[in-house]
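Peer 1: here is my input; please provide its structure:
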Amino acid sequence: MEGASGSCPFAVPAGTRAAEQHPAGPRQAGSTEPSDEEPPGEGLDHHEVMGDGDQGVLEPEGPFSASPENASPVASTNSSTLPELISSEREEETSRNAVLSENVTSSTGTGSVIEGTQTVMWSRAEFHETTQSEKLCLEVLPSKAAQQDYHMPDVIAVRVQMGSDSFHDVAVKIERPTFRKPFLGGFKNRVTGVEFHNAGSQTVPKKRPEKGTTLFCRETQTVFERNRYQQTTNPTSTQMTKRGLYVSNMSDKLITPGKYLTAEEYHKRRLEAVIVLQKYFRRWHARNVVQNLKEKKRLRLAWEAQEELQRKKEKEDKLRMEQERKLNPKTKEDFELLYHALELWRQEETERINRTLTGAERKAALCGLLEQETELIASIGRHKLNADQDNQQKAVLRFLDKCAQPKRWKACDGKITEMDTQYTLRARELLEIYRSVSMNDIPKDERRDVLLLLRGTVKEHECKLTEEIVELIDRELDLMAREVKECNLEGLRKRICTLFLQYIKIPKFNPEVAKILKVPPDPLKLYKNIHFCRSCENYLPASEFPIPANSRTIGRCHLCCKLDNEARRRESFLKYRLILESLRKSEADYQDDATIVFLVQQHLQYMIENIWGCQSALSACNDLYDLVMVRWDKQQEWSPWNTILLTKDEADAHLKLDNLQEAYEAPFIHGIKHKHIRAKKYFAQIPVMTSLFHRSDKQANAS
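Peer 2: Numbers count the residues shown, from 1 in each chain. Reported below is the predicted structural model:
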């Protein structure tokens, strides 16, 4: 029974001390029924008397039944005498024999061997409508094989008599012990020979929750050790030749005393030995130091050689790339380099002619030079037209691809989410059709399928443009059916591509394109920010004009400035643009909201040429591809009066300095400050820069 604690003795048959112990009886479980029979015992209190057979408790194999008269009585006594015990045992034996003679079934308290389909029944008066359990007397069976083969089921059914003619079946769950209960002692009745064992019951302890790690118990003890030196005695003896004894002297050694060594001589010899050791050690140490210095020198020379090779390789790559860009120009920077090289060639040839020729020969040579220059300009123009066509086609594809991009946004966890809308899907469909239509050298069957798909797409909207596209598609299909050559269809196919591109750029047919078009759908917005170019006499938006920070009027547009540069000065701004991009990238890494670096786009060339002389402030290197601009004082924001022009290696070393006054000499610092004053004087003419002077002064005072 769960819930009961402590120990309570009960009786078991003799010789069954090691047998399995059972829970306490009704008295131990809390029953208050009085009992008329009391077994004898010495000092017995709340004991249960069991049969003196030598067999264990039997458990039923299924539901069993027993009438109230078949159940063996349980005696709970406080005191008894020997005659009463003998008479009660005789009565119980008589009643058991009578029951066994009338019924074939044998039963026990906690279990029995049942034959047939009999069930156990208790009267309602005996149970008093409670769930208390009774122990039935153990029956001695002649065979033990049935006991060993029998196994108690997990659930048994008990039929309880509720009335004279009504019965109620109760399912009883059997709780099996998970461990063997220990022997807690007891005592024996001298008269009857019945042994009483102490028993206790307790609820099953709760298991500790597993922590996921294996724990081990180990005893540790600090060990105290003590070392003690001992010198054991070693008894020795000597024997000399004497009368009656001969000792051989063949193995003896003759020892002669040496020169006596004084303390001064001893210490002097020790000092000389120490000096010899120091010499050898210092020699070994010096050799190691020299070897380390040689190794460092070797590594340094190898690193310098590798860096020199790396610089040469980079320079060769730049020259090769520049030569490739001049031979196959594709971008604006490539044509700037080409025109700049043409101007350098023209100046060299003019100088050579003026130096070597005079008179009519000079004029004839200059005329020939002019014709050569004209031919070169025409060749550059042809390359430019071809490059413009390729760039225009790439620009159209980039424009359409931008329209077909899905919507993207960044979540709080840093992941980027993409979503396609109906407009982006429509733009992607039109992009695929345009790519198919603009492809050349495809089979006729595929071309016919593409044209049919295009006609089905544009027929969804009826307007003059779609009607013209459908007409051109029908014309090409008709010509293809007549086996017309491909070269004769190029013009027609270009017209179809151009009209279809116009179809794609209409927001009504492609809603996603409205967000990317430069020309707004509402024409009233065009009047807000439009300026007049006095050179080409065109009205253009403000984004098409290079507006310097110190100008008060609108000058020429970008296209006119580009044409003027190609016709007259032919300067290349690629090197200055690379320096500016490197400067902006380095300032963005500081993350201190630098703004001045984004306002000096038109004036960086003036700073490099007029203030810094197109050379490094330290090494006077004049290769603009290897020069960069960095902060003079890295604690302050970059500005024209807080900068220095250095090579890439010098810039890396400069940014690692903590104290500029200790790193550089006073004349060098004075020269840098003078350049800063010149830059501040030049930029003081720009209205936008004047408001930034005070902020930089505050930063300098704070630092």
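
Peer 1: show me the contacts for the closest residue in space to Phe573 that isn't next to it in sequence.
Peer 2: Take Phe573 and drop its neighbours on the chain: the residue closest to it by Cβ to Cβ, 6 or more residues apart in numbering is Glu336, 6.6 Å away. Backbone N, C-alpha and C define where each C-beta goes, glycine included. Taking Cβ atoms under 8 Å, 6 or more residues apart in numbering, we find Glu336 in contact with 565, 571-574.

Peer 1: which residues does Thr421 contact?
Peer 2: 406-407.

Peer 1: next, it: phi, psi?
Peer 2: phi -100, psi 180 (degrees, to the nearest 10).

Peer 1: from Lys515, how far off is it?
Peer 2: 12 Å (Cβ to Cβ, to the nearest Å).

Peer 1: picking that back up, out of the contacts of Glu336, flag the one nearest to Phe187.
Peer 2: Distance to Phe187 across the contacts of Glu336 (Cβ to Cβ) is lowest for Leu574, with 113.0 Å.

Peer 1: could you tell me how far that closest one is located from Ile380?
Peer 2: With the distance defined as Cβ to Cβ, Leu574 ends up 16 Å from Ile380.

Peer 1: residue farthest from the centroid of the chain?
Peer 2: What lies farthest from the middle of the chain is Arg243; by Cα atoms, centre = their mean that is 100.4 Å.

Peer 1: distance from the helix or strand that contains Cys497 to the middle of the chain?
Peer 2: Assigned by DSSP states H and E, Cys497 belongs to helix 490-504. Put simply, helix 490-504 sits 50 Å off its chain's centre (Cα atoms, centre = their mean, to the nearest Å).

Peer 1: would you mark the buried spots in the helix or strand that that helix is followed by?
Peer 2: Per DSSP H and E, the first helix or strand lying C-terminal to helix 490-504 is strand 530-532. For strand 530-532, a neighbour-count test (16 or more other Cβ atoms under 10 Å) marks His531 as buried.

Peer 1: if we can go back for a sec, need the per-residue pLDDT for the residue nearest to Phe573.
Peer 2: Predicted confidence (pLDDT) for Glu336: 86.

Peer 1: could you do Leu138 as well?
Peer 2: Leu138 carries a pLDDT value of 35.

Peer 1: which SS state does Val160 fall under?
Peer 2: Following DSSP: H, G, I helix; E, B strand; the rest coil, we place Val160 in the strand state.

Peer 1: pLDDT score assigned to it?
Peer 2: 86.

Peer 1: how about stretch 585-597: buried residues?
Peer 2: Across stretch 585-597, burial judged by 16+ other Cβ under 10 Å covers 586-587, 594, 596-597.

Peer 1: as TSV, these with secondary structure, distance to Gln310 and pLDDT would be great.
Peer 2: Shown next, in TSV, are these (DSSP: H, G, I helix; E, B strand; the rest coil; distance: Cβ to Cβ, whole Å; pLDDT from 0 to 100):
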residue	secondary structure	distance to Gln310	pLDDT
Ser586	helix	21	88
Glu587	helix	26	87
Ala594	coil	31	76
Ile596	helix	33	81
Val597	helix	29	82
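
Peer 1: hmm, back to that, more neighbours, Leu574 and Ile380?
Peer 2: Leu574 (19 against 15; other Cβ atoms under 10 Å).

Peer 1: who touches that one in this structure?
Peer 2: 333, 336-337.

Peer 1: the stretch 101-250 of the chain: helices as residue ranges?
Peer 2: 124-127, 145-149 (DSSP state H, counting those that start in this stretch).

Peer 1: by mean pLDDT, show me the worst of the ones you listed.
Peer 2: helix 124-127 (a mean of 38).

Peer 1: re earlier: and the buried residues of stretch 585-597, which two are the farthest apart?
Peer 2: Greatest spatial distance in these: Ser586 and Ile596, 13.6 Å, computed using Cβ to Cβ.

Peer 1: and the longest helix seen in the chain, how far from the chain's centre?
Peer 2: The residue-count maximum for a helix in the chain (DSSP state H) belongs to helix 263-327. Taking Cα atoms, centre = their mean, the mean C-alpha location of helix 263-327 is offset from the chain mean by 42 Å.
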